[in-house]
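1. Sequence first, predicted model second:
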Amino acid sequence: MTACRHPSAASRSSWSPRVAMIVAGLAASAALLPATSRAAVEFVTPVGTCDKVDTIGDGKDLRVQAGNNMRFEVWGDGIDVSPAVRVTVDDSNVDSLVTARIIRAHNGAENLMRGCRILKGSVEVEVDSPAEAGTTRQRSLRFRMPLGDESRLQMRAVPFSTPVWTFESSGLVQRPSQCLTKNIGTVVQDLNNTRMTITLPPGANSDTSNCELEFRTRVAGKLPREIDIWGEFGYTVTSPAHVRLVSGGNIRRVPPWQDMVMRFTGDVANIRGTRATRTSTLTVATPNPNRSDTLTLVINPPPAANAFTQACVCRNQTTGDTVNANDNFQCELRLSQQPPAGGQRIEFEVQDRLCVASGSPSVIYSSASGLGNFTAPATGTFHQIPFRAVGGNTSAGTACASRTSPVAHTLKFWVGARGAESGPAFTQCQIRIRIP
């Protein structure tokens, strides 16, 4: 019987590198040719992240925003070995308008350092579908796998929804505050904030004071929240010459299910020059031009009749709007037009008839009613109406003035006859009377 012969230590030593090389080669081959049972699409993420937006077997399709170059990453063992993809139709929209291409493949070793950081292959995919589509297109992306079979990823290309466009709750920002309307003109938003009506104040046509205008609008997010893959896109915006879109303000950079603010600047000189009512339409459209919405901007000219160009101001030359009892004060009024040769009648009302008196024979005032009038001469548009503060008691028996806490009193003025306490023909201001 022949004894078994064992290799010498030297022989064993010479075999070790060979064995190591063979094992390494087998491992590399296994990495390139994964088991057929595992070679399939497993999940989808945005490129370079591990936010799984769709997983095979989760009961839903991958939802991709319509348009070109919608990019995402598809993961699965073996998907990177022979990267190729084709598109098949799953609905009645039988066309070839949805296309897909693989732009980059990553093997498992590379993915250990990026994305999900797992030993699994992936491919970056770009899908094109018609931006002008009106209906969803259901398609399957079929990826070629290592042994020649295919793995299927079901997908929907979701069309753009009709945008909902409104003015912000404070849709017009004036810098400085009230520089356009001067506290007399108005800005009104109605029709669920889809219409803004600006009524210019008296004197606006000749106003050259510093003023910046910003119109703020809001485009509501309308694509469904469950959309998985989306990309930046630009709205097509049309607006009148006196309202200009802020550069780049039409680009949607937030997810399409979130609202975005779109800003416009106003041409102040153009708007102030309005002499007849102007009605303009602003339009916003998605990359699907059939999906659009509008806003209406109305600008009314200043009133034709004489009116106040700003709120009145009542002051004593020395003490300001806090007036000592029995001292004189003046209320300054600014008119939009110089009065005619016969003058412009100004009527007024005092909050408490016993706390204010006429300061000049030119001011007609009745302490019995608290009403009076003044005729502004044809000498310009700025006029001072003189009054005197009274320190007695009000008609209700309370004090008109106080030593410790000056008492406020309101004076109201109208161009012409007393009427509504609103609009450009009305203004009001206050003084406070104290006992020195």
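-> Okay, I see it.

2. going forward, measure contacts and count neighbours with C-alpha atoms only.
-> Noted.

3. Could you report the separation of the nearest residue to Val243 once chain neighbours are set aside from Leu297?
-> In this structure, Val243 finds its nearest non-sequential neighbour in Gly266, 4.7 Å apart by Cα to Cα, 6 or more residues apart in numbering. Separation of Gly266 from Leu297 (Cα to Cα, to the nearest Å): 12 Å.

4. repeat for Gly416
-> Counting by Cα to Cα, the gap from Gly416 to Leu297 is 31 Å.

5. if we can go back for a sec, out of Gly266 and Leu297, which sits in the more crowded spot?
-> Between Gly266 and Leu297, counted using other Cα atoms under 10 Å, Gly266 has the larger neighbour count: 22 against 18.

6. Correct me if wrong: the more buried one contacts Cys211.
-> No. Gly266 sits out of contact with Cys211 when judged by Cα atoms under 8 Å, with a separation of 9.7 Å.

7. Let me know the pLDDT of Lys182.
-> Looking at Lys182, its pLDDT is 89.

8. now do Ser151
-> Predicted confidence (pLDDT) for Ser151: 96.

9. Also Ala9?
-> Looking at Ala9, its pLDDT reads 43.

10. repeat for Val19
-> With respect to pLDDT, Val19 scores 36.

11. cool, Cys429 as well?
-> We have a pLDDT of 96 for Cys429.

12. Could you double-check that it sits in contact with Leu411?
-> Yes. With contact defined as Cα under 8 Å, Cys429 reaches Leu411; the gap is 5.6 Å.

13. Now do the contacts for His383.
-> Each residue near His383 by Cα atoms under 8 Å, 6 or more residues apart in numbering is listed here: Glu332, Leu333, Arg334, Ala376.

14. Please list the members of those that lie in strands.
-> Among the contacts of His383, the ones falling in strands (DSSP state E) are Glu332, Leu333, Arg334, Ala376.

15. From those residues, pick the one nearest Gly78.
-> Nearest to Gly78 among those: Arg334, at 82.1 Å, using Cα to Cα.

16. In contact with Gln317, which residues?
-> Residues near Gln317 by Cα under 8 Å, 6+ apart: Phe329.

17. if I look at it, how far off is Leu335?
-> Taking Cα to Cα as the measure, Gln317 falls 21 Å from Leu335.

18. Check Arg104 too.
-> Relative to Leu335, Arg104 is positioned 72 Å away (Cα to Cα).

19. higher neighbour count, these two?
-> Using other Cα under 10 Å, the more surrounded residue of Arg104 and Leu335 is Leu335, with 22 against 13.

20. does the more buried one really touch Thr379, like I thought?
-> No. At 11.4 Å, Leu335 does not count as touching Thr379 under the criterion of Cα under 8 Å.

21. in the chain, which spans are helices?
-> 9-32, 108-111, 268-272 (DSSP state H).

22. lowest-confidence stretch among the ones you listed?
-> The stretch with the lowest mean pLDDT among those is helix 9-32, at a mean of 42.

23. I'd like to know how many residues surround Leu172.
-> Per other Cα under 10 Å, the neighbour tally for Leu172 reads 22.

24. wait, what's in contact with it?
-> Counting by Cα under 8 Å, 6+ apart, Leu172 makes contact with Val187, Leu213, Glu214, Phe215, Arg216.

25. ok, 6 Å please
-> Shown in contact with Leu172 (Cα atoms under 6 Å, 6 or more residues apart in numbering): Glu214, Phe215.

26. Lowest-confidence entry in the ones in strands among the contacts of His383?
-> Within the ones in strands among the contacts of His383, pLDDT reaches its minimum at Arg334, with 93.

27. how much space between the residue nearest to that one when sequence neighbours are not counted and Leu411?
-> Nearest-residue entry for Arg334: Phe382, 4.7 Å, with adjacent residues in sequence omitted and distances by Cα to Cα, 6+ apart. Counting by Cα to Cα, the gap from Phe382 to Leu411 is 18 Å.

28. Where does pLDDT dip in the protein?
-> For the chain, the stretches with pLDDT under 70 are 1-38, 223-224.

29. what's the single longest strand in it?
-> Looking across the chain with DSSP E, the single longest strand is strand 164-175.

30. Just the CA trace of it, in PDB.
-> Provided in PDB are the C-alpha atoms of strand 164-175 (Å, rounded to 0.1, in the frame of the first residue of the first chain):
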ATOM      1  CA  VAL A 164     -54.300  79.000 -10.500                       C
ATOM      2  CA  TRP A 165     -52.900  82.500 -10.500                       C
ATOM      3  CA  THR A 166     -53.900  85.200  -7.900                       C
ATOM      4  CA  PHE A 167     -52.600  88.400  -6.500                       C
ATOM      5  CA  GLU A 168     -51.000  88.100  -3.000                       C
ATOM      6  CA  SER A 169     -53.200  89.300  -0.200                       C
ATOM      7  CA  SER A 170     -51.200  92.600  -0.300                       C
ATOM      8  CA  GLY A 171     -50.600  92.500  -4.000                       C
ATOM      9  CA  LEU A 172     -49.100  95.900  -4.500                       C
ATOM     10  CA  VAL A 173     -46.100  97.000  -2.400                       C
ATOM     11  CA  GLN A 174     -45.200 100.800  -2.500                       C
ATOM     12  CA  ARG A 175     -41.800 102.000  -1.500                       C
END
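
31. what residues are up against Ser129?
-> Residues near Ser129 by Cα under 6 Å, 6+ apart: Ala66, Gly67, Asn68, Leu97, Val98.

32. just the contacts of His383 now: which is nearest Gly359?
-> Nearest to Gly359 among the contacts of His383: Glu332, at 13.6 Å, using Cα to Cα.

33. ok, the closest residue to that closest one other than its chain neighbours - how many residues close by?
-> Nearest residue to Glu332 in three dimensions, chain neighbours excluded: Gln384, at 4.6 Å (Cα to Cα, 6+ apart). Residues near Gln384, counting by other Cα under 10 Å, number 15.

34. Then Pro340?
-> Per other Cα under 10 Å, the neighbour tally for Pro340 reads 12.

35. and it, what does it touch?
-> Residues counted as contacts of Pro340 (Cα under 6 Å, 6+ apart) are Ala378.

36. try Phe43
-> Neighbouring residues of Phe43 by Cα under 6 Å, 6+ apart: Asp54, Thr55, Ile56, Trp75.

37. Show me these that map onto strands.
-> Among those, the members found in strands (DSSP E) are Asp54, Thr55, Trp75.

38. Most neighbours of all these, which one?
-> Trp75 (25 neighbours).

39. Isn't that one up against Leu119?
-> No. Assessed by Cα atoms under 6 Å, Trp75 is found out of contact with Leu119, at 10.5 Å.

40. re the thing from before, more crowded one of Cys429 and Leu411?
-> Each of Cys429 and Leu411 has its neighbours counted (other Cα under 10 Å); Leu411 has more, 20 against 17.
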